[in-house]
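Participant: Kindly generate the corresponding structure for this input.
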Amino acid sequence: MARTDDDSWDITESVGATALGVAMARAHETESDCPLFTDRYAQVFLDAAAARGWHPPTGAMGQRIRAISDYAASRTKWFDDFFIAAGGTGIAQAVILASGLDARAWRLPWIDGTVVYEIDQPQVLQFKADTLQAAHAEPAAHHVAVPVDLRQDWPKALVDSGFNPDKPTVWSVEGLLPYLPAEAQDLLFERVTQLSAEGSRIGVEAFSEDFFTDEYLARRRQRIQEMREQAAEAGEDMPDPEQLWFLEERAHVPDWLMDHGWQVSTITAADLMERYHRPVTADTEGMPTLFVGGVLVDKRDE
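Facilitator: Sure thing, here's the model as predicted:
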């Protein structure tokens, strides 16, 4: 299913289905011998999707999800710790952009009075709400769903839902940027900065500067093509990720944030996995991904 400027999706199709792949990785980590985190809702989402006719990926696609499971676990742990650290500084307002099947509003130890806003496609948020309600799950913070496409006027929808731009906020941008064109990425960070009071924090999974080199993109395409051929031989249909991603050169996130008043720190995917004692495999070696943490220290009028 190729992307268009105004496309939308349910949880079992297009970009929405990628959230189920992430839930598979989180469920796998939760059941492992020494998990970095526990997400007991991940399997609940998978079971609910299966009841609607979704079939878990097997073969080459299932192999791909397993191959990057240690990366996915490390990423989840990093964002978990980022939110918890922000709460430790007294920040009690959180926004999860493109929240998908993120269950942090239900499973993290939020400080008293925290409000967690989740922004995503209406159908995705409805699936999440219905599933968690059926499971009698109660959020650990005050949870507010904001059903709006990030390509639309989501700042207005967020403020109309009770968000206070005068209060420090912790933001997360996880698993999102590849699905945005370069101009939309800039607009996203402009809007986040405009809505952020000084002292706000942002955590971002971003491309490194090496991602858009011809060498890396050629290696990536070759690996994906090999996996798609393996899937075809087994009678399976493996979607091409490039139909969902916008592989355009774009602003380097750490530089953009620093130029707009944020104090920034970064860690590479490989270093993060080493920190958590997770092996770097052939599928994750050289993965040109950065985890960027920022604090807004200079609120500018632009």
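
Participant: which other residues reach stretch 274-281?
Facilitator: 36, 67, 70, 71, 73, 74, 77, 267, 270, 273 (Cβ atoms under 8 Å, 6 or more residues apart in numbering). No exception for glycine: its C-beta is placed from N, CA and C like everyone else's.

Participant: Which of the residues you listed fall within strands?
Facilitator: Under the assignment DSSP state E, these contribute residue 267 to strands.

Participant: Filter the contacts of stretch 274-281 down to just the ones in helices.
Facilitator: Residues of the contacts of stretch 274-281 located in helices (DSSP state H): 67, 70, 71, 73, 74, 77, 270, 273.

Participant: Buried only: go through the residues you listed for me.
Facilitator: Those of the ones in helices among the contacts of stretch 274-281 that meet the buried threshold are 70, 71, 73, 74, 77, 270, 273, by 16 or more other Cβ atoms under 10 Å.

Participant: Export those to TSV and append columns for distance to residue 54 and pLDDT.
Facilitator: Rendered in TSV, the data for those read as follows (distance: Cβ to Cβ, whole Å; pLDDT from 0 to 100):
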residue	distance to residue 54	pLDDT
70	24	91
71	23	92
73	22	95
74	26	96
77	26	98
270	32	89
273	29	93
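
Participant: Let me know the closest of the contacts of stretch 274-281 to residue 258.
Facilitator: residue 267 (15.8 Å; Cβ to Cβ).

Participant: Show me the beta-bridge partners of the closest one.
Facilitator: residue 291 (DSSP bridges).

Participant: That one: neighbouring residues, count only.
Facilitator: 16 (other Cβ atoms under 10 Å).

Participant: do the same with residue 138
Facilitator: 8.

Participant: show me the residues around it that make contact.
Facilitator: Per Cβ under 8 Å, 6+ apart, neighbours of residue 138: residue 106.

Participant: Could you grab the helix/strand/coil label for it?
Facilitator: With DSSP: H, G, I helix; E, B strand; the rest coil as the basis, residue 138 sits in coil.

Participant: what do you get for residue 189?
Facilitator: Assignment for residue 189 (three-state DSSP): helix.

Participant: Give me the number of neighbouring residues for the closest residue to it other than its chain neighbours.
Facilitator: Spatial nearest neighbour of residue 189, excluding adjacent residues (Cβ to Cβ, 6 or more residues apart in numbering): residue 256 at 5.9 Å. Neighbourhood size, residue 256 [other Cβ under 10 Å]: 21.

Participant: Let's have the ones in helices among the contacts of stretch 274-281 in CSV, adding distance to residue 25.
Facilitator: As requested, the ones in helices among the contacts of stretch 274-281 are arranged in CSV below (distance: Cβ to Cβ, whole Å):
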residue, distance to residue 25
67, 10
70, 9
71, 9
73, 7
74, 11
77, 12
270, 18
273, 14
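
Participant: which one of the residues you listed is nearest residue 166?
Facilitator: Nearest to residue 166 among these, with distances taken as Cβ to Cβ, is residue 77, at 31.2 Å.

Participant: Can you tell me how far the closest residue to that closest one other than its chain neighbours is from residue 274?
Facilitator: The shortest distance from residue 77 to any non-neighbouring residue, by Cβ to Cβ, 6+ apart, is to residue 36 (4.2 Å). Distance, residue 36 to residue 274, by Cβ to Cβ, to the nearest Å: 13 Å.

Participant: Next up, the contacts around residue 252.
Facilitator: 206, 207, 209.

Participant: Apply 6 Å and report the result again.
Facilitator: Listed by Cβ atoms under 6 Å, 6 or more residues apart in numbering, the contact set of residue 252 reads residue 209.

Participant: Now find how far off-centre stretch 79-88 is within its chain.
Facilitator: Computed by Cα atoms, centre = their mean, to the nearest Å, the chain-centroid distance of stretch 79-88 equals 15 Å.

Participant: Can you classify residue 144 as helix, strand or coil?
Facilitator: Quick answer, by three-state DSSP: residue 144 is strand.

Participant: Next one, pLDDT for it please.
Facilitator: pLDDT, residue 144: 98.

Participant: do the one 10 residues further on as well
Facilitator: pLDDT recorded at residue 154 is 97.

Participant: what do you get for residue 18?
Facilitator: So residue 18 comes in at 78 (pLDDT).

Participant: What of residue 12?
Facilitator: pLDDT, read off for residue 12, is 60.

Participant: Also residue 162?
Facilitator: Confidence score, pLDDT, at residue 162: 98.
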